[in-house]
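Q: model the structure of this input:
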Amino acid sequence: MNRSVRFETPRNELRYAFLGLITLLLMTIVVVCVFVILHTMQRKPLLETDDFNEEYMNEIEMKIFNDCIEFVAGNLRLINSTQNYSHYLQEISKNVYNTLQHLSATYNHYLILYLYEHELIRSNIPFEKRLNLRDANLSNVQFHNIAVNHLYLPGVVALNSLFAECQLQESNFQGSMMDKSRFLDCSLENATFSGGSLKYSSFMNISYLSSVDFTNTDLLNSDIHIDWLGNTSNIIHARLPNGSFYNIDSRNLITDGGTEEKCYILQSDRWHKEPKDASSTIAHRTNNSCIEMTSMPENNCYFQVNSTGRFTQHIDLNRYSTLIDNNRAWYNLSVYLGCFNSSATVELHFANERESDLAYVINYGESWKLFLHNSSIPVGIRRAKIVIGAYIARSCCAIGDVHLNIFQNNE
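A: Residues are numbered from 1 along each chain as shown. Next up, the predicted model:
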């Protein structure tokens, strides 16, 4: 009897241990299931909230789009009744510019088409009737299989844009930032990208590419081959896909700097006088009555300044903007100066788009000689101003052969 008890006790212990293990396993399963159910119940409102937010944002975007369309339509009616294009186009431009900042690329696509259909952004209408969308954001916008000839979008930001099977003849993208854009099977006859940026862009199956204006355009790492262009006059000052610049125009930028155009008329309408009554004449060097010209320049005439004054000429440098903004532009300034009992200066001022002077150089001369100065042009420069100053004490000053040349720095 005692032996039987001794054998049954271990068996019971094993049975109880097994039942305890099963119970623990079942409890673990129950806890895990409860956790999953609670987590799912908690997650569901979050998912519903995300869906609600997406729907809510779509409603907001649609309202912004519709408000803009209504605003443009209202102002177009006012233009038709008043013919006051300047004021109402400016109002439309501000509203559209702000709207484009808050819309997706899809809505921006439809807004551009609306403006195009209402002849606000077409290059074949009078300039005063065109909408100015400069700096507007059109990045990632896409157009497929559509005719938008004469599309007028200069100076916009349209990064990573797509034009597929589109008709874009005589369209204007002058000065636009369109890096990583794609033009696939499009007609681009006589379109212009002058002064713009098309870095890393692609042109596939494009006909008549030789008529497209790429002057001063940044084509770095694009898939354009120079052989495709044919007319190389359309890529002057452009940066090619390999990073080199093509055919920089280094001719003199000063108009009538040697007075040859007005040599025998004794006046020059190329220079602005300060004050207006400043006395200057144009004299032939063989009739020199001012100073002794120890070294004769190649031309025949010079400015003879007889009273204190300044003579200014403004120069547009926008066609060199790609060279300048890639820190590859240098200038060379040269001038012959000479005075008798007086002094003269030549100043070169640079200005960016905000008109502020960024750099200048002044050369002084009291005896007839050639002055030279060259240096780099700061990034962002768009204008230059050459100023000839004469400070007459008793006699006169002679100034001739003023030259300003821009060239590529290959260093």
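
Q: C-alpha only now, for contacts and for neighbours.
A: Fine.

Q: domain-wise, how is this protein divided?
A: 1-107, 138-247, 260-408 (automatic domain parsing).

Q: would you single out the least confident of the ones you listed?
A: Taking the average pLDDT of each of those, the minimum falls on domain 1-107, with a mean of 73.

Q: which residues does residue 353 contact?
A: Going by CA atoms under 8 Å, 6 or more residues apart in numbering, residue 353 touches 380, 381, 382, 383.

Q: cool, residue 384 as well?
A: 314, 315, 316, 317, 348, 349, 350, 351.

Q: what's downstream of the stretch of helix or strand residue 321 belongs to, the next helix or strand?
A: Per DSSP states H and E: residue 321 is located in helix 321-325. Counting by DSSP H and E, the next helix or strand C-terminal to helix 321-325 is strand 329-351.

Q: and that following strand, what's buried?
A: By 16 or more other CA atoms under 10 Å, the buried positions in strand 329-351 come out as 329-340, 342-351.

Q: I'd say residue 328 and residue 410 touch.
A: Yes: contact between residue 328 and residue 410 holds when scored by CA atoms under 8 Å: they sit 7.1 Å apart.

Q: more neighbours, those two?
A: Using other CA atoms under 10 Å, the more surrounded residue of residue 328 and residue 410 is residue 328, with 19 against 9.

Q: of the contacts of residue 353 - the most surrounded one?
A: The contacts of residue 353, ranked by neighbours (other CA under 10 Å): first place residue 381, 24 neighbours.

Q: which non-adjacent residue is nearest residue 215?
A: residue 235 (4.4 Å; CA to CA, 6 or more residues apart in numbering).

Q: residue contacts, that neighbour?
A: Contacts of residue 235 (CA under 8 Å, 6+ apart): 213, 214, 215, 216, 217, 246.

Q: buried among these? Make that a ChimeraX selection.
A: Remark: buried members of the contacts of residue 235, expressed as a ChimeraX selection using 16+ other CA under 10 Å:
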select :213,214,215,216,217,246
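
Q: now render the contacts of residue 235 as CSV, adding secondary structure.
A: CSV is the format used below for those (DSSP: H, G, I helix; E, B strand; the rest coil):
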residue, secondary structure
213, strand
214, coil
215, coil
216, coil
217, coil
246, coil
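
Q: residue 198: which of the contacts of residue 235 is nearest?
A: Closest approach between the contacts of residue 235 and residue 198, by CA to CA: residue 217, at 7.2 Å.

Q: what sits against that closest one?
A: So residue 217 contacts 193, 194, 195, 196, 197, 198, 235, 237, 238, 239, 322 (CA under 8 Å, 6+ apart).

Q: gap between residue 208 and residue 163?
A: From residue 208 across to residue 163, the span is 16 Å (CA to CA, to the nearest Å).

Q: neighbour count for those two, which is higher?
A: When neighbours are counted by other CA under 10 Å, residue 208 and residue 163 differ, and residue 163 comes out ahead with 20 against 15.

Q: tell me which strands the one helix or strand that one maps to pairs with, and in which orientation.
A: Using DSSP H and E, residue 163 maps to strand 162-164. Strand pairing for strand 162-164, determined by DSSP bridges: strand 142-144 (parallel), strand 182-184 (parallel).

Q: tell me the most buried of those?
A: Highest mean neighbour count among the strands paired with strand 162-164 (mean count of other CA atoms under 10 Å): strand 182-184, with a mean of 20.

Q: which residues touch it?
A: 160, 161, 162, 163, 164, 165, 201, 202, 203, 204, 205, 206.

Q: so after it, what's the next helix or strand?
A: Per DSSP H and E, the helix or strand that comes after strand 182-184 is strand 202-204.

Q: strands paired with that following strand, and their directions?
A: In the sheet, strand 202-204 lines up with strand 182-184 (parallel) (DSSP bridges).

Q: starting at the chain centroid, how far to the strand it pairs with?
A: 20 Å (CA atoms, centre = their mean, to the nearest Å).

Q: related to what we said a few turns ago, export the contacts of residue 353 to a markdown table and tack on distance to residue 105 and secondary structure?
A: Output for the contacts of residue 353, formatted as a markdown table (distance: CA to CA, whole Å; DSSP: H, G, I helix; E, B strand; the rest coil):
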| residue | distance to residue 105 | secondary structure |
| --- | --- | --- |
| 380 | 29 | coil |
| 381 | 32 | coil |
| 382 | 31 | coil |
| 383 | 35 | strand |
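
Q: of these, closest to residue 169?
A: Of the contacts of residue 353, the one sitting nearest to residue 169 (CA to CA) turns out to be residue 382, at 28.8 Å.

Q: so the closest one sits right up against residue 354, yeah?
A: No: in this structure, residue 382 is not within contact of residue 354 by CA under 8 Å, at 9.4 Å.

Q: quick one on the thing from earlier: and the helix holding residue 321, what's buried?
A: 321, 322, 323, 324.

Q: show me where the stretch 201-350 of the chain has its strands.
A: 202-204, 272-274, 280-284, 301-305, 309-316, 329-351 (DSSP state E, counting those that start in this stretch).

Q: next, format those as a markdown table and append distance to residue 70.
A: Putting those into a markdown table (distance: least, CA to CA, whole Å) gives the following:
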| stretch | distance to residue 70 |
| --- | --- |
| strand 202-204 | 36 |
| strand 272-274 | 48 |
| strand 280-284 | 60 |
| strand 301-305 | 61 |
| strand 309-316 | 40 |
| strand 329-351 | 40 |
